[in-house]
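Peer 1: Provide a 3D model corresponding to the input given below.
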Amino acid sequence: MIRTIAPERPSYLRVVRASAWYDLVVTAGFATPWTYTLVHDALSSSGNALGLGALPELDPVQVLYANLMGSVVVVWAVLRIVRPLAVHGLLDGVARTLFAAWQSYALAHGATRLLWLFFGVEVMFGLVQLVPWCVQTCGGCGTPSRVMRAAAAALSRRSCRRGRSGCPTAP
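Peer 2: Purely as a prediction, here's the structure:
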């Protein structure tokens, strides 16, 4: 039997932080038009050298979407590095599931096979962060597990540690 890391354990937060560092390193170059041009050229050259195919030629809309994605992922990564919470792992796992779905869609429609490298990491970090939350019932009796109750409480929390309702600094 494979043992999972419980979301409330410090080891789970290390996984959340590790996935954030990966995101920061991999996507920082996507955040600006100038750095994305360099990343695009490097990925295209690598794809050609490995026989996996190049990226399509740059156009302004592609650069815009790459920059938007890079900017959002960099901010999300910094949050998880500076203040990793178990619920961040849950949400990151969901986001990685979405990223992997759209990457598989692109691969099925002829995108460069270089995308498989990113797809593999998305699936791996997604599984490592989601599986601990997926223990849905206690002993098969249909009762939500302690982990699922903790996830629901974390997602529905409406007040900060000082008890002020609607506080923007709520954990």
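Peer 1: contacting residues for residue 77?
Peer 2: Residues near residue 77 by C-beta atoms under 8 Å, 6 or more residues apart in numbering: 20, 21, 23, 24, 27. Heads up, the C-betas are built off the backbone N, CA and C, glycines and all.
Peer 1: try 10 Å
Peer 2: Neighbouring residues of residue 77 by C-beta atoms under 10 Å, 6 or more residues apart in numbering: 17, 19, 20, 21, 22, 23, 24, 25, 26, 27, 28, 92.
Peer 1: could you flag which of these are buried?
Peer 2: 17, 19, 20, 23, 24, 27, 28, 92 (16 or more other C-beta atoms under 10 Å).
Peer 1: out of these, who's nearest residue 56?
Peer 2: The closest of the buried ones among the contacts of residue 77 to residue 56 turns out to be residue 27 (C-beta to C-beta; 18.9 Å).
Peer 1: so who does the closest one touch?
Peer 2: By C-beta under 10 Å, 6+ apart, the neighbours of residue 27 are 39, 66, 69, 70, 71, 72, 73, 74, 76, 77.
Peer 1: what's the farthest-apart pair in the residues you listed?
Peer 2: Farthest pair in the contacts of residue 27, by C-beta to C-beta: 39 and 76, 18.2 Å.
Peer 1: mind giving me TSV with the contacts of residue 27 and columns for secondary structure and pLDDT?
Peer 2: What follows is these, written out as TSV (DSSP: H, G, I helix; E, B strand; the rest coil; pLDDT from 0 to 100):
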residue	secondary structure	pLDDT
39	helix	97
66	helix	97
69	helix	97
70	helix	97
71	helix	98
72	helix	98
73	helix	97
74	helix	98
76	helix	98
77	helix	98
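Peer 1: I'd like those written out as a markdown table, with distance to residue 58 added.
Peer 2: Listed next are these as a markdown table, based on distance: C-beta to C-beta, whole Å:
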| residue | distance to residue 58 |
| --- | --- |
| 39 | 11 |
| 66 | 9 |
| 69 | 15 |
| 70 | 14 |
| 71 | 18 |
| 72 | 20 |
| 73 | 19 |
| 74 | 20 |
| 76 | 25 |
| 77 | 24 |
